[in-house]
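K.L.:
Dropping the sequence and predicted coords here.
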Amino acid sequence: HELNEMTHTFKKVSNYHVAAEEHNGEIIFTRQLKPGGTAHSFGLHVAKLAGIPSYVLHRAERVLDRLEKQTKSEAKANPENNNSPQLNFFSLDRPELEDLASELEMLNLDELKPIEALMLLSTFKEKLAKK
């Protein structure tokens, strides 16, 4: 949704996707560039073609399935915001990352000393290692 929203906010931003067709479980990219977002992500298929390990692909499939279900339920709850369906690009699978993102957003970088920034990075890294 973020990319679609950016096209309304910024005059020079456009969102396009490469058209694809699915035949017998295989994805065929048609090499046609089309305007707007797409309701389906082919990132997993591209990752498979790139040789990403199967255990990573299986985990990604579970995450994608959850995100697609979440996106569909949000679209049903807010039909007026559903201009062109697209998966939420910035969704985070790990709640602790959302907490860290919130902390980062509250930081005033102009007032942060280099040593304080280094200490914060160390704290963030420790928090992630505990999860």
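P.N.:
All right, it came through fine.
K.L.:
Could you list the domains of this protein?
P.N.:
Domain ranges of the chain: 2-81, 95-130, per automatic domain parsing.
K.L.:
Mean neighbour count and mean pLDDT added to those domains, as a markdown table?
P.N.:
Every C-beta, even on glycine, is put in place using the N, C-alpha and C of the backbone. A markdown table is the format used below for those (neighbours: other Cβ atoms under 10 Å; pLDDT from 0 to 100):
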| stretch | mean neighbour count | mean pLDDT |
| --- | --- | --- |
| domain 2-81 | 12 | 81 |
| domain 95-130 | 11 | 84 |
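K.L.:
which stretches of this structure form strands?
P.N.:
According to DSSP state E, the chain carries its strands in the segments 16-23, 26-35.
K.L.:
Residue 72 is nearest to which of the ones you listed?
P.N.:
Ranking the strands of the chain by proximity to residue 72 (Cβ to Cβ) places strand 16-23 first, at 18.5 Å.
K.L.:
Tell me which strands the closest one pairs with, and in which orientation.
P.N.:
As defined by DSSP bridges, the strand partners of strand 16-23 come to strand 26-35 (antiparallel).
K.L.:
What segments of the protein are helices?
P.N.:
2-9, 43-49, 54-77, 95-106, 114-130 (DSSP state H).
K.L.:
Can you lay out those as CSV showing distance to residue 21?
P.N.:
Below are the helices of the chain laid out as CSV (distance: least, Cβ to Cβ, whole Å):
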stretch, distance to residue 21
helix 2-9, 22
helix 43-49, 12
helix 54-77, 19
helix 95-106, 34
helix 114-130, 40
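K.L.:
quick one: which of those is nearest residue 25?
P.N.:
Closest approach to residue 25 among the helices of the chain (Cβ to Cβ): helix 43-49, 9.5 Å.
K.L.:
other SSEs contacting the closest one?
P.N.:
helix 54-77 (3 or more Cβ pairs under 8 Å, 6 or more residues apart in numbering; DSSP states H and E).
K.L.:
Check the offset of the helix it packs on from the chain's centre.
P.N.:
11 Å (Cα atoms, centre = their mean, to the nearest Å).
K.L.:
what packs against that helix?
P.N.:
helix 43-49.
K.L.:
Could you tell me how far the helix it packs on lies from the centre of the chain?
P.N.:
For helix 43-49, the distance to the chain centre is 15 Å (Cα atoms, centre = their mean).
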